[in-house]
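1. All I have is the shape, not the residue letters:
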Ligand SMILES: CC(=O)[C@@H](O)[C@H](O)COP(=O)(O)O
Ligand SMILES: NCC(=O)COP(=O)(O)O
């Protein structure tokens, strides 16, 4: 457990803006460099099968210039495994993908296919790539992630973020807290992410077992109005204040 908490900036939606018009700008690689200069502890990017935002060239460019750490999110496909083994990011986060989804809808279901998931974890770990599992706050899934050899889990905070009222939000917060404590008790590195923004991040950042938050859509959205540097500085300040019990 640490007094500081790391911020992974997910730059997917810089590419969304670029792809909207098919221009060369805004460049995700420039966003990655500016984010690092602003204090991002790592850069997260999701190379989706449908390339709706981040594309193969973005991953190569970012990997070539990154000073901190690349966390590459990918589905469990042979194509994506080959990309990861070629690019050699410091971290990979295995996430479920469904083409029709607007965004990631849930954590990876390890229980449904443990052998398949275990093979990807083993291949990545054998290549020296630290493997994280994007996972629901579910003890059975977390236990299996540990048994399959994943050193890291990223707890899906989507249900917390999408809660329709305070009661539901509190219930989901308790699930995240209990899952974080359980994962840490197994010796896993515990991260969290999805749907976090400037008004809901505090309660998650205050969870002592969580080492890193990956935040993208809300931060990039805010940067449209205040700039990327300010958006990152503000988010890190909120996270750190929450971690130190000052919010
Ligand atoms: C796994 C996760 O929650 C996000 O990092 C993921 O990238 C969401 O997908 P989009 O970025 O396409 O919304
Ligand atoms: N894994 C979560 C992530 O990278 C960013 O998710 P979001 O903040 O874009 O919802």
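-> Arrived safely. Since the model is a prediction, treat every value here as computed from it, not as a measurement. Ligands and ions are numbered 1, 2, ... in the order given.
2. where does the protein dip in pLDDT?
-> Counting by pLDDT under 70, the ranges of the chain that qualify are 1-2, 247.
3. mind listing what residue 236 touches?
-> 7, 39 (C-beta atoms under 8 Å, 6 or more residues apart in numbering). C-beta here means a position set from N, CA and C on the backbone, and glycine is covered the same way.
4. ok, now residue 71?
-> With C-beta under 8 Å, 6+ apart, residue 71 has these contacts: 8, 42, 43, 44, 45, 89, 90, 91, 92, 93, 132, 214.
5. what's the answer for residue 91, then?
-> Residue 91 sits in contact with 42, 69, 70, 71, 72, 129, 130, 131, 132, 152, where contact means C-beta under 8 Å, 6+ apart.
6. ok, now with 10 Å
-> 8, 42, 44, 69-73, 84, 124, 129-132, 151-152, 154, 189, 191, 212 (C-beta atoms under 10 Å, 6 or more residues apart in numbering).
7. Would you tell me which residues of this structure are close to ligand 1?
-> In this structure, the chain approaches ligand 1 at residues 10, 12, 46, 48, 73, 95, 103-104, 134, 193-194, 214, 216, judged by C-beta under 6 Å from any ligand atom.
8. center of the chain - which residue?
-> Geometric centre of the chain, nearest residue: residue 214, 4.0 Å, by C-alpha atoms, centre = their mean.
9. buried stuff in the longest helix along the chain?
-> Among the segments of the chain that qualify as a helix by DSSP state H, the longest is helix 166-185. Within helix 166-185, the residues that count as buried by 16 or more other C-beta atoms under 10 Å are 169, 172, 173, 175, 176, 177, 179, 180, 182, 183, 184.
10. what's the closest of the residues you listed to residue 228?
-> residue 176 (27.3 Å; C-beta to C-beta).
11. which among the contacts of residue 71 are in contact with ligand 2?
-> Okay, of the contacts of residue 71 touching ligand 2 (C-beta under 6 Å from any ligand atom), that's 44, 214.
12. on that earlier part again, now the residues of the chain next to ligand 1 in TSV, with secondary structure?
-> Below are the residues of the chain next to ligand 1 laid out as TSV (DSSP: H, G, I helix; E, B strand; the rest coil):
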residue	secondary structure
10	strand
12	helix
46	strand
48	coil
73	strand
95	coil
103	coil
104	coil
134	strand
193	strand
194	coil
214	strand
216	coil
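13. Among these, name the buried ones.
-> Listed as buried from the residues of the chain next to ligand 1 are 10, 12, 46, 48, 73, 95, 104, 134, 193, 194, 214, 216; burial here means 16+ other C-beta under 10 Å.
14. Next, the contact list for the first one, please.
-> When you say that, I think you mean residue 10. Counted by C-beta under 10 Å, 6+ apart, residue 10 has contacts 35, 40, 42-46, 54, 71, 73, 193-194, 214-220.
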